[in-house]
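A.B. asks: Have a look; sequence and predicted model below, questions after that.
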Amino acid sequence: MNSSRGITIERHFIDQQELHPEASGELTRLLHQLAFAAKMITKEVRSAGLSDILGEAGHMNVQGEVVQKLDEISNDVIYRSMDHAGVLCCMASEERDEMIAIPKEFRCGKYTLAFDPLDGSSNIDANVNVGTIFSIHKRVTPEGTPGQVEDLLQPGRKQVVAGYIVYGSSTMMVYTTGHGVNGFTLDPTIGEFLLSHPNMKIPPRGKYFSVNMGNRHFWSEGVRRYVDHLTTPNKELGTPYSLRYIGSMIADVHRTLLYGGIFMYPMDYKDPQNPKSKLRLLYEAAPMSMVVEQAGGLSTNGRMSILDVQPKGLHDRVPLFVGSKEEITDLNHFIEKYNVI
Ligand code: AHG
Ligand code: MN
Ligand code: MN
């Protein structure tokens, strides 16, 4: 931690902008608004136990999951921070069925925002880390017109910014614009995000793996054999690995980024005719994969980098494997050998 250098996130945005003299400043404004939303959500999460907003909101979202009150609050905070900023042409949220349009009274900008307002929200009542994930693309339809779904349905490779805010023992914002990854820690006494983790790099190999082992019987043979390999003692190979699984993807991937290793949410073959993935491409897998790849790691859906997967719908789900270079390379050998994901 070197927050004593006192580089605020705002100053960092401006320094980055100055590297691109052609930049209009829109992206800087967008990031500024996201950092603001992060502070507002921090305030809600930190006082959650006090203000009777823990628990469920009493209805299901489009994914058929129970919506937590804090999910709704976070969704609204982000929407209200972004709708009038004049930089977005549309948004998409894990908590909304349809694309979110920019109200007519506000300027329509050239970027799109896809977000998971509160990842890991089923853990909120247990005081477990949760977070916000964001993904920004440049629109493909003409500027000055209302945004369309196709502006959002772009592969992760085309993200211009991706990142997350984790509300943990401290609040941290981690983001990339495609030139490395930087992490900022919120100093609650002055209300500023300070650069605490410059130029983050994931170790080439780690000693942790992170997966819901309860689903082991529903994985493909390749994944099962890879996890058997990780858990079978072999001094030379550095196994067994230690298992770490919080059940909040944002926290599990954040830890993987810092310590190395692998995070997995494989395809579930419980019904072999209808295999299922859980994590969402646009709101979870693509932005977290861009961060990890920018930090020197890799991501895959078992066939290709998550960043090359073309979304067909806003709520597409994908198998996700993300982490250190060497672990993902080992996993790929197992998948190739057994020829299934
Ligand atoms: P969300 O809270 O946004 O709905 O996402 C929950 C996700 C993700 O955070 C986590 O990795 C995964 O669900 C955990 O799923 P399991 O309980 O099936 O392991
Ligand atoms: Mn989520
Ligand atoms: Mn969520």
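C.D. replies: Sure thing, it's come through. Note that this is a predicted model, so its numbers are computed, not measured. Ligands and ions are numbered 1, 2, ... in the order given.
A.B. asks: and the protein, what are its domains?
C.D. replies: Using automatic domain parsing, the domains assigned to the chain come out as 2-197, 208-338.
A.B. asks: Check those for me: which has the lowest mean pLDDT.
C.D. replies: For those, mean pLDDT drops lowest on domain 2-197, to a mean of 91.
A.B. asks: what about that one, near ligand 2?
C.D. replies: Yes - interface with ligand 2: domain 2-197 contributes 116, 119 (C-beta under 5 Å from the ion). Using the backbone N, CA and C atoms, a C-beta is placed for each residue, glycine as well.
A.B. asks: Also stretch 266-283?
C.D. replies: No - applying C-beta under 5 Å from the ion, one finds stretch 266-283 out of contact with ligand 2, separated by at least 6.4 Å.
A.B. asks: quick one: is that stretch near ligand 3?
C.D. replies: No - applying C-beta under 5 Å from the ion, one finds that stretch 266-283 is not in contact with ligand 3, the shortest distance being 7.4 Å.
A.B. asks: Report the distance from that stretch to the chain centre.
C.D. replies: Centroid separation for stretch 266-283 versus its chain: 18 Å, with C-alpha atoms, centre = their mean, to the nearest Å.
A.B. asks: Could I get the domains of the chain in JSON lines, plus columns for mean neighbour count?
C.D. replies: Converted to JSON lines, these look like this (neighbours: other C-beta atoms under 10 Å):
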{"stretch": "domain 2-197", "mean neighbour count": "18"}
{"stretch": "domain 208-338", "mean neighbour count": "19"}
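A.B. asks: Can I get those in TSV including distance to ligand 1?
C.D. replies: Formatted as TSV, the domains of the chain follow (distance: least, C-beta to the nearest ligand atom, whole Å):
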stretch	distance to ligand 1
domain 2-197	4
domain 208-338	3
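A.B. asks: give me the residue from the protein nearest ligand 2.
C.D. replies: Among all residues of the chain, D119 sits closest to ligand 2, at 3.5 Å; criterion: C-beta to the ion.
A.B. asks: Look up which residues are beta-bridged to that residue.
C.D. replies: Beta bridges link D119 to G131 when assigned by DSSP bridges.
A.B. asks: who touches it in this structure?
C.D. replies: Contacts here follow C-beta atoms under 8 Å, 6 or more residues apart in numbering; on that basis D119 touches 130-133, 164, 248-250, 284.
A.B. asks: I figured C90 hits D151, correct?
C.D. replies: Yes - here C90 reaches D151: they are 6.0 Å apart, a contact under C-beta atoms under 8 Å.
A.B. asks: what do these two both touch?
C.D. replies: 112, 139.
A.B. asks: quick revisit: which among the contacts of D119 gets closest to A38?
C.D. replies: T132 (6.6 Å; C-beta to C-beta).
A.B. asks: need the contact list for the closest one.
C.D. replies: Taking C-beta under 8 Å, 6+ apart, we find T132 in contact with 37-38, 41, 74, 78, 115-119, 164-165, 167, 250.
A.B. asks: Now do the SS call for E10.
C.D. replies: Under the three-state scheme (DSSP: H, G, I helix; E, B strand; the rest coil), E10 adopts helix.
A.B. asks: Correct me if wrong: it contacts R29.
C.D. replies: No - using C-beta under 8 Å, E10 makes no contact with R29, being 10.9 Å away.
A.B. asks: Make TSV from the contacts of T132 and add secondary structure to it.
C.D. replies: TSV is the format used below for the contacts of T132 (three-state DSSP):
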residue	secondary structure
A37	helix
A38	helix
I41	helix
S74	helix
I78	helix
F115	strand
D116	strand
P117	strand
L118	strand
D119	strand
Y164	strand
I165	strand
Y167	strand
I250	helix
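A.B. asks: Next, format the residues you listed as TSV and append distance to M213.
C.D. replies: Output for these, formatted as TSV (distance: C-beta to C-beta, whole Å):
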residue	distance to M213
A37	35
A38	32
I41	31
S74	29
I78	33
F115	29
D116	24
P117	28
L118	25
D119	20
Y164	24
I165	28
Y167	26
I250	20
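A.B. asks: just the residues you listed that are near ligand 3?
C.D. replies: Within the contacts of T132, those near ligand 3 by C-beta under 5 Å from the ion are 116, 118-119.
A.B. asks: Show residues contacting stretch 98-110.
C.D. replies: Residues outside stretch 98-110 that contact it (C-beta under 8 Å, 6+ apart): 26, 30, 79, 83-93, 138-139, 143-149, 152, 314.
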